[in-house]
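Undergrad: here's a sequence, model it:
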Amino acid sequence: QVQLVESGGGLVQAGGSLRLFCVANGRALDNYPIGWFRRSPGKEREFVAAISRSGGLTYYGDSVKGRSFISRDNAKNTVYLQMNSLNPEDTARYYCAAKVGDISRNNYKTGYDYWGQGTQVTISL
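TA: Modelled structure (predicted):
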């Protein structure tokens, strides 16, 4: 089993950037594809980005595509989510999640097995 801890959230002005971190404790992170999701009050959980175990495959949600970048450093047991050109609609709690098995274009949004507690991102005007 793997425990995931997110960090890097905070209060940022619109137009700014943030880098979120997902650190794994327990099993090595390179055993798992990792996804980032977000949820804001009154809305359903939304897929943000995902990355394969090796980092060779990445997927992005439509709302962040072109201004976000997911990467990983398996030696550091860490996955990163760089988010640029932030706007108030990006305000949410951001969660990383690990999936047992591989990801593909058919399953990268669903079926994650382990979740962190999240980190809050708030974007002000």
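Undergrad: A50 against I103, yeah?
TA: Yes. The pair A50 / I103 is scored as a contact, 5.9 Å apart, by Cβ atoms under 8 Å. The way it works is simple: take the backbone N, C-alpha and C, and place the C-beta from them, glycine included.
Undergrad: what's opposite the residue nearest the centre of the chain in the beta bridge?
TA: Residue closest to the mean C-alpha point of the chain, counted by Cα atoms, centre = their mean, is W36 at 2.3 Å. W36 forms beta bridges with A49, C96, as assigned by DSSP bridges.
Undergrad: quick check: neighbours shared by A50 and I103?
TA: Taking Cβ atoms under 8 Å, 6 or more residues apart in numbering as the contact rule, A50 and I103 both touch P33, G35, Y59.
Undergrad: dump those into a markdown table; add distance to G118 as well.
TA: A markdown table is the format used below for the shared contacts of A50 and I103 (distance: Cβ to Cβ, whole Å):
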| residue | distance to G118 |
| --- | --- |
| P33 | 19 |
| G35 | 13 |
| Y59 | 20 |
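Undergrad: dump those residues into CSV; add pLDDT as well.
TA: Converted to CSV, these look like this (pLDDT from 0 to 100):
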residue, pLDDT
P33, 97
G35, 98
Y59, 98
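Undergrad: of these, closest to Y94?
TA: Y94 lies nearest to G35 out of the shared contacts of A50 and I103, by Cβ to Cβ, at 10.9 Å.
Undergrad: which residue comes closest to T78 once chain neighbours are left out?
TA: Excluding the flanking residues, the one nearest T78 by Cβ to Cβ, 6 or more residues apart in numbering is V23, at 5.2 Å.
Undergrad: could you list every residue that touches the one you found?
TA: V23 makes contact with L4, V5, E6, S7, N77, T78, according to Cβ under 8 Å, 6+ apart.
Undergrad: surely the third one forms part of a strand?
TA: Read it as E6. Yes. Assessed with DSSP: H, G, I helix; E, B strand; the rest coil, E6 lies in a strand.
Undergrad: residues contacting it?
TA: Counting by Cβ under 8 Å, 6+ apart, E6 makes contact with L20, F21, C22, V23, Y94, Y95, C96, G116, Q117, G118, T119.
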